[in-house]
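> test case, fold it:
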Amino acid sequence: MKSTSELKTSEIALSLSLLHEMVRIRLIEEAIAHRYAQQQMRCPVHLSIGQEAVAVGICKALLHSDYLISNHRAHAHYLAKGGNLPKMVAEIYGKSTGCCGGRGGSMHLVDRSVGMLGSTPIVGGSIPVGVGLAFATLLKKETSITVIFFGEGATEEGVFAESLNFAALKGLPVLFACENNLYSVYSPLHVRQPSQRDRVGIARAHGIWAKSGFGNHVEEVHLLAQEAVAHIRDGKGPAFLEFDTYRHREHCGPNFDNDIGYRTPEEFQKWEKKCPVALHVSKLKETDLINDLEFAEMKAAIQTEIEEAFSFAESSPLPQFNIETESPYAL
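Sure thing, here's the model as predicted:
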């Protein structure tokens with residue numbers, strides 16, 4: 001058993017690690033947004049700026065041997081699971097050194113070395129793939145669990161209910177992780193789902209352990225993720241978590257879009273004050289776990305890493321194919 005001092009030390013290390021991972025993802029995606037106009041990244045990008053706490057809080061509760069299946073907004077999930085930054089940037093640049101050899105781009109990240117077994121831009125498409133993966137691990141008697149990330153819009157697809165049913169029926173080691181950022185492209189939640197619709201309740205109705213939380217509080221996310229993962233590892237079947245959060249940038253692309261009318265400046269400002277990075281930094285400063293100089297040094301070190309990753313991507317070669325003998329789509 002850990003002593004009180006050891007426990008406190010580990011808790012401090014965890015809090016600082018959660019901050020580092022969120023800031024790293026934030027700065028990486030801001031760098032992507034800043035450089036996107038250079039026309040070197042020719043695939044669409046869906047940024048997770050504002051939603052970092054969900055990815056970080058959940059992935060911090062996982063083992064290296066666990067698996068992820070993601071959706072179109074996959075950068076944060078990949079990085080939080082330990083993904084290789086230079087390879088991710090190179091993939092977005094379409095270079096041969098990318099994690100998919102330059103064939104997948106931003107929305108199709110695969111890296112088996114960290115358990116990232118794929119992402120798909122099809123709404124709801126990640127859910128049955130992840131359930132199939134969890135079923136395979138069960139059949140092979142593996143100890144890994146599978147986490148499926150998806151937005152609340154995916155819960156409107158029929159495959160959501162089918163997948164919950166199958167996962168519960170087979171007692172699969174799978175965590176359904178719903179990031180509710182209120183919008184499906186430009187459509188707010190209230191025009192897509194009735195106000196009384198309870199996604200956590202739907203999961204529970206299928207016999208699945210389910211809870212919800214505030215997705216911009218990274219420590220709350222992490223605690224709930226630990227609880228869900230423990231439930232699954234104990235052989236008690238699947239779990240479902242829903243977290244309220246908010247994306248700062250446009251649905252697809254590097255810009256802000258508060259001027260086009262689908263959400264108000266007041267709503268954005270309200271959620272901006274709930275920024276997951278700002279909330280956690282404030283808490284750590286209040287408890288004297290970090291100061292302005294240490295925070296600036298953290299960001300500077302991350303910026304150096306980012307510059308090196310972009311240099312790697314820019315200097316990497318494009319994929320080369322012999323069109324007479326090789327399919328350009330074969331990995």
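> use CA for all of it now, contacts and neighbours both
Fine.
> buried residues, stretch 17-24. List them.
L18, L19, H20, E21, M22, V23, R24 (16 or more other Cα atoms under 10 Å).
> rounded mean pLDDT for that stretch, please.
For stretch 17-24, mean pLDDT is 98.
> secondary structure and distance to E52 added to the buried residues of stretch 17-24, as a markdown table?
Formatted as a markdown table, the buried residues of stretch 17-24 follow (DSSP: H, G, I helix; E, B strand; the rest coil; distance: Cα to Cα, whole Å):
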| residue | secondary structure | distance to E52 |
| --- | --- | --- |
| L18 | helix | 10 |
| L19 | helix | 10 |
| H20 | helix | 11 |
| E21 | helix | 8 |
| M22 | helix | 6 |
| V23 | helix | 8 |
| R24 | helix | 10 |
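> tell me what the lowest-mean-pLDDT helix or strand in the chain is packed against?
Counting by mean pLDDT, DSSP states H and E, the chain has its least confident helix or strand at helix 4-35, which shows a mean of 91. The contact analysis (3 or more Cα pairs under 8 Å, 6 or more residues apart in numbering; DSSP states H and E) places helix 4-35 against helix 52-59, helix 75-80, helix 218-233, helix 276-286, helix 292-315.
> pull up the per-residue confidence for the most centrally placed residue in the chain.
The chain has H77 as the residue nearest its centroid, 3.0 Å off, counting by Cα atoms, centre = their mean. What the model reports as pLDDT for H77 is 98.
> shaky segments in the stretch 151-300 of the chain?
Within the stretch 151-300 of the chain, no stretch has pLDDT under 70.
> wait, isn't M298 in contact with L19?
No. Applying Cα atoms under 8 Å, one finds M298 not in contact with L19, separated by 9.7 Å.
> sorry, back to before: just want the angle from the least confident helix or strand of the chain to helix 292-315.
In terms of direction (axes from the mean of the first three to the mean of the last three Cα atoms, to 10 degrees), helix 4-35 departs from helix 292-315 by 50 degrees.
> appreciated, that's everything.
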